[in-house]
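[1] Fold the following for me, if possible:
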Amino acid sequence: MEPSDEQRSASSSSHVFVHNPHLDTMKDDILYHFSLGTKTHDLPAMFGDVKFVCVGGSPWRMKAFIEYIAAELAMEDPESEYPNICAGTDRYAMYKVGPVLSVSHGMGIPSIAIMLHELIKLLHHAHCTDVTIVRIGTSGGIGLEPGTVVVTKQSVDATFLPKFEQVILGKTVVRNTDLDQGLAEELLQCSKELNQFETVIGNTMCTLDFYEGQARLDGAFCAYTEKDKQDYLNRAGEAGVCNIEMESSVFAAMCKLSGLRAAVVCVTLLDRLKGDQLSSSHEVLRNYQQRPQILVGSYIKKQLKAKAQRS
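    Next up is the predicted model:
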């Protein structure tokens with residue numbers, strides 16, 4: 001039994017929602033892949049002030065983000081090393097500065113799903129309230145100039161349907177992949193104020209694979225033609241798909257279930273209608289990869305400034 005819309009709505013304005021009665025019977029909840037636990041760590045003291053969570057595939061990128069946001073919020077200590085909170089494991093990396101938590105999630109739906117289960121429980125155990133979570137990353141674009149940032153309106157599967165399917169106890173469970181449209185519009189407005197790069201709102205296709213699942217011609221196996229690829233990607237574009245990645249569907253589904261205000265912000269590294277492999281220089285790609293960080297950093301700074309003014 002999953003939470004009702006009323007339960008999710010109630011939780012979204014306050015605490016992070018979990019729906020698992022078994023957690024109440026556990027003396028200790030071990031967040032194994034974070035190397036954290038409710039008995040071994042004071043989670044409210046460590047994380048109770050978290051208001052913004054940014055997640056992305058690469059541990060290196062998430063450390064770079066926390067260093068960037070620390071400087072943006074004037075919280076940077078020149079001597080700080082920003083230690084990895086999850087140093088006891090090599091699965092994920094986690095960094096924190098002030099109310100901002102930065103966590104890596106690896107590549108693909110299974111990896112981010114495991115991380116999200118433990119992250120959602122961590123935020124719940126820490127009694128966090130009014131949390132906004134954003135996935136920042138890279139993607140392949142469809143009909144967009146490389147470097148364009150896409151804020152996801154809806155995550156769709158490889159058949160262009162807005163759903164995430166998971167088999168639980170041998171039965172297929174279908175979950176909604178809607179994201180917070182108000183948050184998406186706020187991020188778009190931030191980009192307009194920055195005026196540094198093109199940003200659009202559009203659908204994101206989430207696939208189970210980087211090669212055949214995304215109609216690439218350069219994998220170890222390929223049983224379709226260039227025309228087949230172009231036809232498929234054009235159909236995706238007609239369905240409103242602006243970019244392709246591999247995590248947004250389960251991210252959207254799990255954040256919606258837990259009442260987290262969520263967004264996906266990915267930069268496009270290439271136009272998939274024009275090729276499958278990256279040809280841009282390392283410096284150009286590095287600049288592109290910084291764009292979601294810059295946008296989300298600007299949003300966080302704006303929100304904290306508005307909160308300070310209200311106070």
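
[2] Can you report phi and psi for the residue most central in space within the chain?
    The centroid of the chain falls nearest to residue 135 when counting by Cα atoms, centre = their mean (1.9 Å). Main-chain torsions, residue 135, degrees, to the nearest 10: phi -90, psi 120.

[3] Reduced to three states, what does the closest residue to it other than its chain neighbours come out as?
    Nearest residue to residue 135, sequence neighbours excluded (Cβ to Cβ, 6 or more residues apart in numbering): residue 264, at 4.7 Å. Every residue, glycine included, has its C-beta placed from N, CA and C. At residue 264, secondary structure determined by DSSP: H, G, I helix; E, B strand; the rest coil is strand.

[4] Residue 264: neighbour count?
    By other Cβ atoms under 10 Å, 31 other residues sit near residue 264.

[5] right, and it touches residue 180 too?
    No: Residue 264 is beyond contact range of residue 180, at 10.3 Å (criterion: Cβ atoms under 8 Å).

[6] In the stretch 201-311 of the chain, what residue spans correspond to strands?
    For the stretch 201-311 of the chain, the strands defined by DSSP state E, counting those that start in this stretch cover 241-245, 261-271.

[7] So residue 67: helix, strand or coil?
    Of the three states, residue 67 takes helix according to three-state DSSP.

[8] number of nearby residues for it?
    17.

[9] looking at it, it is touching residue 82, isn't it?
    Yes: assessed by Cβ under 8 Å, residue 67 is found in contact with residue 82 at 6.3 Å.

[10] returning to that earlier point: my guess is the residue nearest to the centre of the chain meets residue 254, correct?
    No: between residue 135 and residue 254 there is no contact under Cβ under 8 Å: 11.1 Å.

[11] one step back: how about the strands of the stretch 201-311 of the chain in TSV, adding mean pLDDT and distance to residue 72?
    Shown next, in TSV, are the strands of the stretch 201-311 of the chain (pLDDT from 0 to 100; distance: least, Cβ to Cβ, whole Å):
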stretch	mean pLDDT	distance to residue 72
strand 241-245	98	25
strand 261-271	98	16
